[in-house]
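Fold the following and give me the result.
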Amino acid sequence: MKLLVTAITITALAVSPASAKMMACTGENMTKLVTSSNAMPDTPGKAAMMREVGAANAAMAKGDMRSACKSYMRAQQMSGQKG
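Below is the predicted model:
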């Protein structure tokens, strides 16, 4: 029984919800974020979000996808974008 519960838990964690998929750290999603930022008014929040996007681009250029994805996720949260 304990093995079954563990297997179900692992399966539940492996299946990502749609919102997590929509927030995935992909080039397509990053492009959507930058494109949507063009419609945002120029505010300190937008400037901070764009700094995170810049940090993500710099990290990707160095091959550090972990840091790039962290910066992208922060930028996405700042924008209020869900996908």
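
Give me the packing partners of the helix or strand harbouring Glu28, helices and strands only.
Per DSSP states H and E: Glu28 is located in helix 27-37. Counting contacts by 3 or more CB pairs under 8 Å, 6 or more residues apart in numbering; DSSP states H and E, helix 27-37 is packed against helix 44-61, helix 65-79. For glycine as for every other residue, the C-beta is placed from the backbone atoms N, C-alpha and C.

Of the ones you listed, which stretch is the most buried?
helix 65-79 (a mean of 18; mean count of other CB atoms under 10 Å).

residues making contact with it?
The contact list for helix 65-79 (CB atoms under 8 Å, 6 or more residues apart in numbering) reads 23, 25, 29-30, 33, 36-37, 40, 45, 48-50, 52-53, 55-57, 59-60.

likewise stretch 39-57?
Contacts for stretch 39-57 (CB under 8 Å, 6+ apart): 30, 33-34, 37, 67-69, 71-72, 74-75, 78-79.

could these be laid out in a markdown table, adding pLDDT?
Listed next are the contacts of stretch 39-57 as a markdown table, based on pLDDT from 0 to 100:
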| residue | pLDDT |
| --- | --- |
| Met30 | 82 |
| Leu33 | 85 |
| Val34 | 84 |
| Ser37 | 85 |
| Ser67 | 92 |
| Ala68 | 90 |
| Cys69 | 91 |
| Ser71 | 92 |
| Tyr72 | 90 |
| Arg74 | 91 |
| Ala75 | 90 |
| Met78 | 86 |
| Ser79 | 81 |
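
Buried residues, the helix holding Glu28. List them.
Asn29, Met30, Leu33, Ser37 (16 or more other CB atoms under 10 Å).

check contacts around the last one.
Taking CB under 8 Å, 6+ apart as the contact definition, Ser37 lies against Lys46, Met49, Met50, Val53, Ser79.
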